[in-house]
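Asker: model this:
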Amino acid sequence: MSFFRSCMNVIGRIWLVLINLGLLVVSGFAITSGVMLLRSAKSGDSVSGTLGTLTASANTKDIAACVLVFGCFFALTAIAGCIGGICAVSSFLSFYIGAVGLDLLMLLGLGGYALWKTFRARNEWMSVSVDQWKLANDQDKDFLQQAFQCCGYIKGDGTAYTGPTKYNATSTVNFCATDAATTTGCHDQGYSVYSGFAVLFLIVMVAGVIVCGISLAAANTARRKRELLQRGFQAAGRREVGPSGVKQPLMA
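Answerer: Next up, the predicted model:
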């Protein structure tokens, strides 16, 4: 039984190191994505007109804030998990257990909030009619076409904005000037983009709950093993010194 527990402790510590190294990479990706989403949201602040309120209602800034908070806190959690897994330091393991518990609450809370925002934005986008699209100014159309990588309301309907774009970081050339007839319309593409984000958030939430649960069990096992070792060392020290303070021989 002792050998089995020792093996489980080693496996748990290896799991902590590997999963938290992966979490560091994911955290870096999340922080980068959050910054990019925030910049994208700021670039759309100037959009106004028929579709201006719709663009703002997508709540890109709120979603970006959720992603940034996740990324930063997960990075701190991953660092504590790596130190706890490598060094088996009880204080870091205790912090890691508390942090992962908080991660679970944040994952469910902010993840659910991001899902709600995404579904809300998708429903509002699908309520846009072709007449609203036609009445929209060129700036609105340009921003949405670049954001969704689409052209016009429906593919090939002749409603795409084909002038120079303001929302391409590398060029002012608008791809809709040449590819409007073959590129998916923004009505359908917007639905696909929002649905894709919703599926991604749901996958992250489910995977996060599973990983956090396993990590909690592994960290708790490593912490208990460390505490048992410390108690054993303390007990051995007391037996060696003896109650009178004189060093006593250890019993075989």
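
Asker: which ones are touching the spatially closest residue to residue 141 that is not a sequence neighbour?
Answerer: Spatial nearest neighbour of residue 141, chain neighbours left out: residue 161 (3.8 Å); criterion: Cβ to Cβ, 6 or more residues apart in numbering. Bear in mind the C-beta positions are built from the backbone N, C-alpha and C, glycine included. Applying Cβ atoms under 8 Å, 6 or more residues apart in numbering to residue 161 gives the contacts 138, 141, 142, 145, 174, 176.

Asker: quick one: which helix or strand includes residue 162?
Answerer: Using DSSP states H and E, residue 162 maps to neither a helix nor a strand.

Asker: mind listing the helices for the chain?
Answerer: Counting by DSSP state H, the segments of the chain that form helices are 2-43, 52-57, 60-87, 90-126, 130-135, 138-148, 176-179, 186-241.

Asker: Nearest to residue 166, out of these?
Answerer: With Cβ to Cβ as the criterion, residue 166 lies closest to helix 138-148 of these, at 6.2 Å.

Asker: Show me what counts as buried in the closest one.
Answerer: By neighbour count with 16 or more other Cβ atoms under 10 Å, helix 138-148 contains the buried residues 139, 140, 141, 142, 143, 144, 145, 146, 147, 148.

Asker: Do I have it right that the last one meets residue 187?
Answerer: Pointing back at residue 148 there. No - assessed by Cβ atoms under 8 Å, residue 148 is found out of contact with residue 187, at 9.6 Å.

Asker: Any stretches of the chain with poor pLDDT?
Answerer: 1-10, 12, 40-60, 88-89, 168-169, 226-252 (pLDDT under 70).

Asker: and if we set it to 50?
Answerer: Applying pLDDT under 50 to the chain flags residues 1, 46, 53, 56-58, 246-248, 250-252.

Asker: What number of residues are in the vicinity of residue 221?
Answerer: 19 (other Cβ atoms under 10 Å).

Asker: State the distance from it to residue 15.
Answerer: 10 Å (Cβ to Cβ, to the nearest Å).

Asker: CSV please, covering the contacts of residue 161 and showing distance to residue 208.
Answerer: Below are the contacts of residue 161 laid out as CSV (distance: Cβ to Cβ, whole Å):
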residue, distance to residue 208
138, 41
141, 37
142, 36
145, 33
174, 39
176, 38
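
Asker: So which of those residues is the closest to residue 30?
Answerer: Closest to residue 30, out of all of these and judged by Cβ to Cβ, is residue 145, at 26.9 Å.

Asker: these two touch, right, that closest one and residue 160?
Answerer: Yes - counting by Cβ under 8 Å, residue 145 touches residue 160, with 6.7 Å between them.

Asker: so what sits against both of the two?
Answerer: Joint contacts of residue 145 and residue 160 (Cβ under 8 Å, 6+ apart) are 151, 152, 176.

Asker: Those residues into JSON lines, with extra columns for neighbour count and distance to residue 128?
Answerer: Output for these, formatted as JSON lines (neighbours: other Cβ atoms under 10 Å; distance: Cβ to Cβ, whole Å):
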{"residue": "151", "neighbour count": "29", "distance to residue 128": "15"}
{"residue": "152", "neighbour count": "25", "distance to residue 128": "13"}
{"residue": "176", "neighbour count": "23", "distance to residue 128": "18"}
